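Asks: could you work out the structure for the sequence below:
(chains A and B)
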Amino acid sequence: SQQGEEDPQALSIQEGENATMNCSYKTSINNLQWYRQNSGRGLVHLILIRSNEREKHSGRLRVTLDTSKKSSSLLITASRAADTASYFCATDRDSNYQLIWGAGTKLIIKP
Amino acid sequence: GAGVSQSPSNKVTEKGKDVELRCDPISGHTALYWYRQSLGQGLEFLIYFQGNSAPDKSGLPSDRFSAERTGGSVSTLTIQRTQQEDSAVYLCASSPFFEQETQYFGPGTRLLVL
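Replies: The predicted structure follows:
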């Protein structure tokens, strides 16, 4: 069953603009992760945020988590053509490390 | 160091044939996962190994699917009597024992059943 749902399904912006993607989930979690998938590098882990954290930064990435609303957002600042990819959120289920994945947001950065 | 590798990268087979997909995890990673990804979709969990044992096989879609892991390293996912709906990208991931929240993925095997 699908736990996370990303929104929007697709996003197209100009290079240099900021991109925001959202993820909603259904059950309580221990942590939430964001991954990026493109044809060149496959599926790559970007950032993990734990349930007791509200915000986390990594380079141009900023992730927020609102456990009361069961939602997370991923902000990519100053986007580059290389950011073109699909972005997935993944949540754990209980403590057995099984990740539940959304269908992803397809991000296109126009030069 | 070397990442997760999978072989073959592409596989075309005829309906009814058996296929074997191989995953070589990162050396020393104790946890290994298999996922299936259909076109434009997220990942569907298939099976999880901790060492050689598979405590969670809940995602295997039918008894045509099986997986094994030997020596705590290489894993093989076998699909018997393939069906067209088995066409997908099969992804393998591994995690180290003390960082199991983060999964490191291989490039996947793209399976096409004709």
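Asks: which positions in chain A make contact with chain B?
Replies: A:2, A:4, A:30-31, A:33, A:42-45, A:48, A:88, A:90, A:92, A:96-104 (Cβ under 8 Å from any Cβ of the partner chain). Backbone N, C-alpha and C define where each C-beta goes, glycine included.
Asks: any of those buried? List them.
Replies: A:4, A:31, A:33, A:42-43, A:45, A:48, A:88, A:90, A:92, A:97-104 (16 or more other Cβ atoms under 10 Å in any protein chain shown).
Asks: among these, which are located in helices?
Replies: With helices taken from DSSP state H, there is no overlap with these.
Asks: narrow those to those in strands?
Replies: A:31, A:33, A:42-43, A:45, A:48, A:88, A:90, A:92, A:98-101 (DSSP state E).
Asks: which residue lies nearest the spatial centre of chain B?
Replies: B:Trp34 (3.3 Å; Cα atoms, centre = their mean).
Asks: any idea whether that one is helix, strand or coil?
Replies: Classification of B:Trp34 by DSSP: H, G, I helix; E, B strand; the rest coil places it in strand.
Asks: ok, the closest residue in space to A:Ala90 that isn't next to it in sequence - contacts?
Replies: Nearest non-adjacent residue to A:Ala90, counting by Cβ to Cβ, 6 or more residues apart in numbering or on different chains: A:Leu99, 4.2 Å away. With contact taken as Cβ atoms under 8 Å, 6 or more residues apart in numbering or on different chains, A:Leu99 is in contact with A:Gln33, A:Ala90, A:Thr91, A:Asp92, A:Arg93, B:Tyr33, B:Leu43, B:Phe45, B:Gln103.
Asks: from those, which is closest to A:Arg80?
Replies: Of all the contacts of A:Leu99, A:Arg80 sits closest to A:Gln33, with 21.8 Å by Cβ to Cβ.
Asks: which strand residues bridge that closest one?
Replies: For A:Gln33, the beta-bridge partners are A:Leu48, A:Ala90 (DSSP bridges).
Asks: check whether the helix-or-strand element of chain B with minimal mean pLDDT comes near chain A.
Replies: The weakest-scoring helix or strand in chain B, judged by mean pLDDT, DSSP states H and E, is strand B:53-56 (a mean of 80). Yes. Using Cβ under 8 Å from any Cβ, a contact is recorded between strand B:53-56 and chain A, made by B:Pro55, B:Asp56.
Asks: low-confidence regions, chain B specifically.
Replies: B:1 (pLDDT under 70).
Asks: could you rerun that using 90?
Replies: B:1-2, B:38-45, B:48, B:50-59, B:70-72, B:96-102 (pLDDT under 90).
Asks: interface residues of it facing chain A?
Replies: Close to chain A, as judged by Cβ under 8 Å from any Cβ, chain B has residues B:31, B:33, B:35, B:40-45, B:48, B:55-56, B:59, B:91, B:93, B:95, B:100-108.
Asks: please repeat the previous calculation with a cut-off of 7 Å.
Replies: Applying Cβ under 7 Å from any Cβ of the partner chain, we find that chain B lies next to chain A at B:31, B:41-43, B:45, B:48, B:56, B:91, B:100-103, B:105, B:107-108.
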